[in-house]
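Q: got a predicted model here, sequence first, then my questions.
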Amino acid sequence: MKRLLLAALLSGAAMGCGDELVTPLFLPGASASASSGAGGEGGAGGAATVGSGAMGGAGPGSGGEGGTPAAWGWKLPAGFPVPKVPADNPMSVAKVELGRRLFYDERLSGNQTQSCASCHQQQYAFTDNKKLALGSTGEEHPRSSMSLANVAYLSVLTWGHPYMFELEDQALVPMFGDEPVELGLSDNVADELLARLAAEPIYPPLFADAFPEQASPLTLQSVVRALSAFQRTLISGTSPFDRWQFGGEQDAVPDAAKRGFDLFNSEKMECFHCHSGFNLQDSNEYEGKPFVEVKFHNTGLYNIDGMGAYPAPNTGIHELTQKPDDMGKFRAPTLRNITVTGPYMHDGSVESLDAVLDHYAAAGRTILEGQPNAGVGSANPFKSGFLVGFELTEDERVDLKAFFASLEDDAFLHDPELSDPWQRPEK
């Protein structure tokens, strides 16, 4: 089953992944209500309400009348559009509550030592504060765990997979993948997984409430659909920056953060090309959006042979497309909660935000001879044309870091509706 599922995910046609010019959706002084503003086309409009997260509906619990799951109502932050949800996996209160329990359940790993939350921890914006992720068997992964904040809005998932579009498909990879081992499930323990879940008294009624149309709802498909529904509620949009930009609270952020935001969006730095819009990144999809953005970028992090090579197996989407021009291209992550999501870059090789700024100021990283992966990244022939380098004064650096700090969403990082629902004894 595993190899058939994963092969199907890898069989899609190649897509355009160039560094197309992106018009910034955030511009200093722009109105959040403008049609070209952060809400985007078909945005949430007046129906949006500011809240600590995106949980909706009638609260956690069972379905509605006649076996129909309780209706789901998005409680979106101001300026946020409605996420796009697959037609075959509609949102419901019961499904989200089931997915939340599954997300934090260590029974979803082969040896029952890890859950999804092991690598996606709420206090770190659903990443893990590690340079590289560690799987349930202790295997170190070649990449760091990405933040799941606002994953509902992504048009393409993971660091460098140009064919991974739906959370329902992506969930199968950490569960059953073996290159690397993450949760460590295998074909012969899939039935055992379902038996484990069925033995937990809380699960059979939760599955029945979440999937009332199914005679036997406790299935692997239901597991991944519930996990995906919960992940779509991980919406971060109540930071001080949001209160200023969308809520009109002029005192929500200091003047330094406002100056840093202006600088971030300047042609001097060119940051807005890859980190723009309400989600501060450039591969987005949502209800009413007339086109889908799917973009990957080479940021000059490596150039190990002088001809643009990145160290294997971390060659970006090139690993799957095998196109020379795709070498080193990865998806840009959101900058939301950036102060708690380090270390940075796809391999966690940049430890601090100061080092990130140094990297872009130099238009690429230089690793000196005698060190692992030595090379001049700024000379990488596949590097994005937006990396031209810049100079920063100390005051400008302070302002940029104040802007980054304003993106930290404390309500999201501590929202009890997104937290671990299992009551465990103290160790």
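A: Sure, I can see it. Numbers count the residues shown, from 1 in each chain.
Q: use CA for all of it now, contacts and neighbours both
A: Will do.
Q: let me know the secondary structure of the residue nearest to the spatial centre of the chain.
A: Per CA atoms, centre = their mean, the C-alpha nearest to the average position across the chain is that of residue 148, at 3.7 Å. Here residue 148 is coil, with the state taken from DSSP: H, G, I helix; E, B strand; the rest coil.
Q: residue contacts, it?
A: The contact partners of residue 148, by CA atoms under 8 Å, 6 or more residues apart in numbering, come to 120, 125-127, 231, 234.
Q: quick one: buried ones out of those?
A: Among the contacts of residue 148, those that count as buried by neighbour count (16 or more other CA atoms under 10 Å) are 120, 125-127, 231, 234.
Q: just to revisit the earlier point, check the residue nearest to the centre of the chain and give its pLDDT.
A: The predicted local distance difference test score for residue 148 is 98.
Q: out of the buried ones among the contacts of residue 148, flag the one nearest to residue 184.
A: Each of these was checked against residue 184 using CA to CA; the closest is residue 120, at 16.2 Å.
Q: for residue 354, grab the count of nearby residues.
A: Using other CA atoms under 10 Å as the criterion, residue 354 is surrounded by 13 other residues.
Q: with just CA atoms, put the helix or strand harbouring it into CSV.
A: Per DSSP states H and E, residue 354 falls inside helix 353-361. Once side chains and other backbone atoms are set aside, the C-alpha atoms of helix 353-361 remain, and they are given as CSV (Å, rounded to 0.1, in the frame of the first residue of the first chain):
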residue,chain,number,x,y,z
LEU,A,353,17.7,36.0,12.5
ASP,A,354,20.9,38.0,12.5
ALA,A,355,22.6,35.3,10.5
VAL,A,356,19.6,35.2,8.2
LEU,A,357,19.9,39.0,7.6
ASP,A,358,23.7,38.5,7.0
HIS,A,359,22.9,35.8,4.4
TYR,A,360,20.6,38.0,2.4
ALA,A,361,22.7,41.1,2.8
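Q: how about the helices of this structure, start to end?
A: Assigned by DSSP state H, the helices in the chain fall at 2-9, 93-103, 116-119, 167-170, 172-176, 190-199, 203-210, 220-231, 240-245, 255-264, 318-321, 353-361, 394-406, 410-413.
Q: let me have these in TSV, extended by mean pLDDT and distance to residue 302.
A: As requested, the helices of the chain are arranged in TSV below (pLDDT from 0 to 100; distance: least, CA to CA, whole Å):
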stretch	mean pLDDT	distance to residue 302
helix 2-9	39	28
helix 93-103	98	35
helix 116-119	98	26
helix 167-170	96	27
helix 172-176	95	27
helix 190-199	94	39
helix 203-210	98	47
helix 220-231	98	32
helix 240-245	97	33
helix 255-264	98	24
helix 318-321	96	14
helix 353-361	98	11
helix 394-406	98	24
helix 410-413	98	33
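Q: most packed of the ones you listed?
A: helix 93-103 (a mean of 26; mean count of other CA atoms under 10 Å).
Q: any weak-confidence spans in this structure?
A: Within the chain, the segments meeting pLDDT under 70 span 1-67, 424-427.
Q: which residues in it form strands?
A: Using DSSP state E, the strands of the chain run over 366-367, 375-376.
Q: each with direction, which strands does the last one pair with?
A: In this case it means strand 375-376. Under the criterion DSSP bridges, strand 375-376 sits next to strand 366-367 (antiparallel) in its sheet.
Q: identify the residues contacting the partner strand?
A: Applying CA under 8 Å, 6+ apart, the contact partners of strand 366-367 are 301-302, 373-378.
Q: turn the residues you listed into CSV, columns for distance to residue 352 and neighbour count.
A: CSV is the format used below for the contacts of strand 366-367 (distance: CA to CA, whole Å; neighbours: other CA atoms under 10 Å):
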residue, distance to residue 352, neighbour count
301, 15, 26
302, 18, 27
373, 20, 17
374, 20, 17
375, 21, 25
376, 20, 23
377, 18, 28
378, 19, 25
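Q: so what's residue 409 closest to, chain neighbours aside?
A: residue 239 (4.1 Å; CA to CA, 6 or more residues apart in numbering).
Q: how much space separates that neighbour from residue 70?
A: According to CA to CA, to the nearest Å, residue 239 and residue 70 sit 29 Å apart.
Q: cool, and residue 385?
A: Taking CA to CA, one finds residue 385 at 49 Å from residue 70.
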